[in-house]
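K.L.:
Here is my input, please return the structure:
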Amino acid sequence: MPQAKGRSPITGVTTDVDMSVRAIRKDEFAKRLYNLLLEREMNQSDLAKKAGLGRDSISQYVRAINVPSPKSLKKI
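P.N.:
Numbers count the residues shown, from 1 in each chain. Next up is the predicted model:
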């Protein structure tokens with residue numbers, strides 16, 4: 001499990017952070033998004049147009065490279 005040490009910008013407390021949790025979240029989000037696209041018979045370009053996001057962004061979400069920001073998630 002990858003771990004990182006860092007100081008919280010909010011509390012200023014130094015903590016150990018388990019970075020594998022974020023990777024699991026990316027993977028789970030990607031699976032759910034992909035299944036929803038299939039269920040609604042949409043492709044990534046359709047979703048990008050409807051959400052007002054870039055096609056590359058949607059592609060990164062589906063491939064579990066990145067997760068959307070809260071603002072982008074609301075658009076999706």
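K.L.:
What residues of the helix or strand where residue 73 lies count as buried?
P.N.:
For residue 73, the host element (DSSP states H and E) is helix 70-75. For helix 70-75, a neighbour-count test (16 or more other C-beta atoms under 10 Å) marks residue 72 as buried. (Glycine included, C-beta is placed from N, CA and C.)
K.L.:
Name the surrounding residues that touch it.
P.N.:
51, 52, 53, 57 (C-beta atoms under 8 Å, 6 or more residues apart in numbering).
K.L.:
Got a quick PyMOL command for the buried subset of those residues?
P.N.:
A single PyMOL command is used to select the members of those judged buried by 16+ other C-beta under 10 Å:
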select buried, resi 51+53+57
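K.L.:
can you redo the contacts of helix 70-75 as JSON lines with distance to residue 33 and secondary structure?
P.N.:
Converted to JSON lines, these look like this (distance: C-beta to C-beta, whole Å; DSSP: H, G, I helix; E, B strand; the rest coil):
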{"residue": "51", "distance to residue 33": "11", "secondary structure": "helix"}
{"residue": "52", "distance to residue 33": "16", "secondary structure": "coil"}
{"residue": "53", "distance to residue 33": "12", "secondary structure": "coil"}
{"residue": "57", "distance to residue 33": "11", "secondary structure": "helix"}
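K.L.:
For the helix or strand hosting residue 32, buried residues please.
P.N.:
Secondary-structure assignment from DSSP H and E places residue 32 in helix 20-39. Residues of helix 20-39 classed as buried: 26, 29, 30, 33, 37 (neighbour count, 16+ other C-beta under 10 Å).
K.L.:
what packs against that helix?
P.N.:
helix 55-62 (3 or more C-beta pairs under 8 Å, 6 or more residues apart in numbering; DSSP states H and E).
K.L.:
If anything else comes up later, I'll come back, but that's it for now.
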